[in-house]
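Visitor: fold the following, please.
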Amino acid sequence: MKTIRNWLLGAGLVAVAPLALAAETGFTLETVDPEADRLALQEFYQKRFPGVPVEEYVNGIYAVDPPSREQWDALMEFPPYEFDLEEGKVLFETPFANGKTYADCFENGGIGIRHKYPYWNKEEGTVKTLEQEINECREANGEEPLRWKKGAIAQISAYMAWTSRGKTFDIEIPEDDPRALQAYLDGKQFFYAKRGQLNLSCANCHLQGSRVLIRADLPGPMLGQPTHFPVYRSKWGEIGTLHRRYEGCHRDSRSVPLPPQSEEFRKLEYFQTYMSNGLVVNGPGARK
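Guide: You can find the predicted model right below:
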């Protein structure tokens, strides 16, 4: 029986060095122009999958693989995340012990703001994610933080994403704070860096390996990846956060995963979401 590594070698997903792989998209790891990176990525996919509109990439693998799309369309007749959305709305609106709610912590009462996350917080000098600020809201109001990967935090985040559906991602990298650009570049470096016993990078599977069969799985494209999170995965049987997926990808490459909401994962999310600027929020989603 072939090992996972042999499968990857057969698909050509292991041998390519990070610099060469990055260059496939029209930029290198040394590029310091995020907008040039974003446009180059779109051009890469337009050449790789001709005829697929850029806006379709919010649907992941279902944008570029018709057989998978047919199965997904049938699944979405009764979206498996509907109960999580209902529960997320209840949790979002339920007052804390002090009488306040999540709406008191967020701009616009927390409605229709998902497309602004993650963002660079100049005062704290760090990338802030939506789930991170959900827990900060709880702690500021005397409540215990939620677990990062699933359950209530994913349900609340899913409801907030639902209220933002159709809004266009507009992640900013403030020019007046060079630390923001460095955070983007760190996330970019992380995306292309190889790790684990299988010597894989995120890019091996989700850029070079988009729609390349690895056993029974077809990795989705990088473009649009964060747009549909939180996501209900059939494999999980429940809804989960983007950082839960990051952790799972690390395990799949046989590397020691970083904890959800670690600085490295938040920078990765910053990079990936900036690369999806111009696409719309369509979370929560459903995937295999």
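Visitor: any idea how many residues pack against the nearest residue to Arg165 once chain neighbours are set aside?
Guide: Closest residue in space to Arg165, ignoring its immediate chain neighbours: Val281 at 5.5 Å, by Cβ to Cβ, 6 or more residues apart in numbering. Bear in mind the C-beta positions are built from the backbone N, C-alpha and C, glycine included. Other residues within reach of Val281, judged by other Cβ atoms under 10 Å, total 27.
Visitor: can you pull the contacts of Val281?
Guide: By Cβ atoms under 8 Å, 6 or more residues apart in numbering, Val281 lies in contact with 114-115, 161, 164-169, 227.
Visitor: shaky segments in the stretch 1-150 of the chain?
Guide: Within the stretch 1-150 of the chain, the segments meeting pLDDT under 70 span 1-31.
Visitor: can you give me the pLDDT of the residue nearest to Arg165?
Guide: Val281 is assigned a pLDDT of 98 by the prediction.
Visitor: helices of the stretch 151-288 of the chain, start to end?
Guide: Taking DSSP state H, counting those that start in this stretch, the helices of the stretch 151-288 of the chain run over residues 152-162, 178-192, 202-203, 242-252, 263-275.
Visitor: circling back: which two from the contacts of Val281 end up farthest apart in space?
Guide: Among the contacts of Val281, the pair separated by the greatest distance (Cβ to Cβ) is Ala161 and Thr168, at 13.7 Å.
Visitor: ok, those two, which is more surrounded?
Guide: When Ala161 and Thr168 are compared for neighbours, Ala161 comes out ahead with 27 against 13, by other Cβ under 10 Å.
Visitor: give me the element Cys84 is part of.
Guide: Actually, residue 84 is Asp rather than Cys. Assigned by DSSP states H and E, Asp84 belongs to helix 82-93.
Visitor: what residues sit buried inside that helix?
Guide: Residues of helix 82-93 classed as buried by neighbour count (16 or more other Cβ atoms under 10 Å): 84-85, 87-89, 91-92.
Visitor: in JSON lines, list those along with distance to Glu123.
Guide: Listed next are those as JSON lines, based on distance: Cβ to Cβ, whole Å:
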{"residue": "Asp84", "distance to Glu123": "33"}
{"residue": "Leu85", "distance to Glu123": "33"}
{"residue": "Glu87", "distance to Glu123": "33"}
{"residue": "Gly88", "distance to Glu123": "29"}
{"residue": "Lys89", "distance to Glu123": "31"}
{"residue": "Leu91", "distance to Glu123": "28"}
{"residue": "Phe92", "distance to Glu123": "26"}
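Visitor: thanks a lot, see you next time.
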